[in-house]
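Engineer: have a look; sequence and predicted model below, questions after that.
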Amino acid sequence: MKSAVRAEGIEYAYPDGTRALDGVSFDICGGERVAFVGANGAGKSTLLLTLNGILRCDGLVSIHGVTVQEKNMKDIRRMVGIVFENPDDQLFCPTVLDDVMFGPLNMGLSRKDSAAKAQKALADVGLCGLGGKSPFHLSHGQKKRVAMATTLSMDCQVLALDEPTSGLDPKGGKEMIKLMGSLGGTLIVATHDFGLVRDLCSRVIILSNGKKAAEGTPSAMLSDSALLEEHGLA
């Protein structure tokens, strides 16, 4: 299958000198669902932020053959949607509908067309009828769904989610996994939730200290207790 996301030797260091990514390479096919797992500080969140240029790394990242660089940024951000771990970092408008319309409006769509896309995205995440509410009056689980809708309204081909089940109770976590399973396109997830990995993903990549430590199927990776313990995941 054709590559959707490719990384070749990507490296990133924060201003204080902390090396978050150290020569990571991978190739994800269109429609594939891949989980990145690792202990806190392994580089998972940083990696997601390089996929649409929020963080600029050394090495090469390309999305459907388009290199992540300044001249291509508008196209890249049309293709890659990032959903942050904390939805409060993503929601800032007076109403839910305004938040979900924000992306399409900034891509040049009319208000009417943007509203139509936003309403469809809210329906896709099970939040019909909440467009007029303030996002700050929603539950944590509802906020996570609205944050996801802000990317779905952009018709992104690649969806990257950072800890999508964190802060959710078991029922909410199962509902989120079911919702993610209903989505099309390419799905990349940074998570500690092994239930999500087993139920949703076809491949697992373990990150450790900014490096790719191992990859394989969920059954192979998650049944290897020695491997998990070695990388702080037991």
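Structural biologist: Thanks, I have the structure now. Residues are numbered from 1 along each chain as shown.
Engineer: what segments of this protein are helices?
Structural biologist: 44-50, 73-79, 96-106, 111-124, 140-152, 170-181, 194-200, 218-222, 225-230 (DSSP state H).
Engineer: could you export those helices as TSV, including mean pLDDT, mean neighbour count and distance to G132?
Structural biologist: From N, CA and C alone the C-beta is placed, and that goes for glycine too. Conversion of the helices of the chain to TSV gives the following (pLDDT from 0 to 100; neighbours: other C-beta atoms under 10 Å; distance: least, C-beta to C-beta, whole Å):
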stretch	mean pLDDT	mean neighbour count	distance to G132
helix 44-50	96	23	31
helix 73-79	93	17	27
helix 96-106	95	22	7
helix 111-124	95	18	11
helix 140-152	94	24	13
helix 170-181	91	16	22
helix 194-200	95	18	31
helix 218-222	95	17	40
helix 225-230	95	12	46
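Engineer: to Q90, which of the ones you listed lies closest?
Structural biologist: Between Q90 and the helices of the chain, the tightest spacing by C-beta to C-beta is seen for helix 140-152, at 4.5 Å.
Engineer: which secondary structure elements does the closest one sit against?
Structural biologist: strand 80-83, helix 96-106, helix 111-124, strand 158-162, helix 170-181 (3 or more C-beta pairs under 8 Å, 6 or more residues apart in numbering; DSSP states H and E).
Engineer: can you rerun that using 7 Å?
Structural biologist: strand 80-83, helix 96-106, helix 111-124 (3 or more C-beta pairs under 7 Å, 6 or more residues apart in numbering; DSSP states H and E).
Engineer: in CSV, list these along with distance to R19.
Structural biologist: Shown next, in CSV, are those (distance: least, C-beta to C-beta, whole Å):
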stretch, distance to R19
strand 80-83, 22
helix 96-106, 32
helix 111-124, 37
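Engineer: which one, of those, ends up nearest to T186?
Structural biologist: T186 sits nearest to strand 80-83 of all those, at 9.2 Å, using C-beta to C-beta.
Engineer: what mean pLDDT does that closest one have?
Structural biologist: Mean per-residue pLDDT for strand 80-83: 95.
Engineer: which outside residues touch that strand?
Structural biologist: The contact list for strand 80-83 (C-beta atoms under 7 Å, 6 or more residues apart in numbering) reads 48-49, 51-52, 54, 63, 147-148, 151, 154, 156, 158-162, 164.
Engineer: in contact with L179: list those residues for me.
Structural biologist: Applying C-beta under 7 Å, 6+ apart, the residues near L179 are V125, G126.
Engineer: numbering from 559 from now on, please.
Structural biologist: All set: I'll call the first residue 559, so the last point we hit is now L737.
Engineer: quick check: it vs P728, distance?
Structural biologist: 15 Å (C-beta to C-beta, to the nearest Å).
Engineer: and for Q715?
Structural biologist: 31 Å.
Engineer: do K560 as well
Structural biologist: As judged by C-beta to C-beta, K560 and P728 stand 37 Å apart.
Engineer: local confidence estimate at the residue lying closest to I586 once chain neighbours are set aside?
Structural biologist: Nearest residue to I586, sequence neighbours excluded (C-beta to C-beta, 6 or more residues apart in numbering): V563, at 4.3 Å. What the model reports as pLDDT for V563 is 97.
Engineer: bridging residues for V563?
Structural biologist: Assessed by DSSP bridges, V563 has beta-bridge partners I586, I621.
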